[in-house]
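**Student:** next comes the sequence, and after it the predicted model I'd like to discuss.
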Amino acid sequence: QVQLVESGGGLVQAGGSLRLSCAASGTIFSINDMAWYRQAPGKQRDLVATITSVGSTNYASSVKGRFTISRDSAKKTVYLQMNSLKPEDTAVYYCHAIIRRFAIGADWPYWGQGTQVTVSS
């Protein structure tokens, strides 16, 4: 089995910072793209940021310049540094990863359970 476990969410005032972490565990041969998504109440789940296995990154326009995605391949962990937080960043943040469990096999998508981020005004 594979698990993605997020941590680092919480309550912060507008203008503050949080750092989310997501660690993958289980039988893993390789991890390809990793990403963070978020879902606000009553809204669809939206892509926040992605990072490839070689470190190329991409961001939603709403977070560009404020959020930074990074990864530690040795630790099988992806991070999301969130600065200058705004009330509209309030959402449940989900980790996503494309993982190959065995050398001979397919890549599969996995999701974390989500971590709540609340930004007060």
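**Tutor:** Arrived safely, thanks for sending.
**Student:** do you know how far Phe102 is from Gln13?
**Tutor:** 46 Å (C-beta to C-beta, to the nearest Å). For glycine as for every other residue, the C-beta is placed from the backbone atoms N, C-alpha and C.
**Student:** ok, which stretches of the chain are strands?
**Tutor:** 2-7, 10-13, 18-26, 30-39, 45-51, 57-59, 67-72, 77-82, 91-100, 107-111, 115-120 (DSSP state E).
**Student:** most tightly surrounded among those strands?
**Tutor:** With neighbours defined as mean count of other C-beta atoms under 10 Å, the strands of the chain peak in mean count at strand 77-82, which reaches a mean of 23.
**Student:** find the centremost residue of this structure, please.
**Tutor:** Residue closest to the average C-alpha location in the chain (C-alpha atoms, centre = their mean): Trp36, at 2.8 Å.
**Student:** any idea how far Ser25 lies from Val119?
**Tutor:** Distance of Ser25 to Val119, computed by C-beta to C-beta: 29 Å.
**Student:** also Lys64?
**Tutor:** 17 Å.
**Student:** quick one: stretch 17-34 to chain centroid distance?
**Tutor:** Chain-centre distance of stretch 17-34: 8 Å, with C-alpha atoms, centre = their mean, to the nearest Å.
**Student:** got the end-to-end distance for it?
**Tutor:** For stretch 17-34, the first-to-last residue distance is 21 Å (C-alpha to C-alpha, to the nearest Å).
**Student:** make 3 the starting number, not 1.
**Tutor:** Right, with 3 as the first residue, what we last looked at is stretch 19-36.
**Student:** state the mean pLDDT of it.
**Tutor:** Stretch 19-36 comes out with an average pLDDT of 97.
**Student:** check stretch 108-123 too.
**Tutor:** For stretch 108-123, mean pLDDT rounds to 97.
**Student:** using CSV, write out every CA atom in it.
**Tutor:** Only the C-alpha atoms of stretch 108-123 are listed here, as CSV (Å, rounded to 0.1, in the frame of the first residue of the first chain):
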residue,chain,number,x,y,z
ALA,A,108,2.2,1.3,-14.1
ASP,A,109,2.1,4.8,-12.5
TRP,A,110,-0.9,5.5,-10.3
PRO,A,111,-2.3,8.6,-8.8
TYR,A,112,-2.6,8.9,-5.0
TRP,A,113,-4.2,11.5,-2.7
GLY,A,114,-3.6,12.5,0.8
GLN,A,115,-6.4,12.9,3.3
GLY,A,116,-6.2,16.7,3.3
THR,A,117,-5.1,19.3,5.9
GLN,A,118,-7.2,22.4,6.8
VAL,A,119,-5.7,25.9,6.3
THR,A,120,-7.7,28.8,7.7
VAL,A,121,-6.7,32.4,7.2
SER,A,122,-8.4,35.0,9.3
SER,A,123,-8.8,38.6,8.3
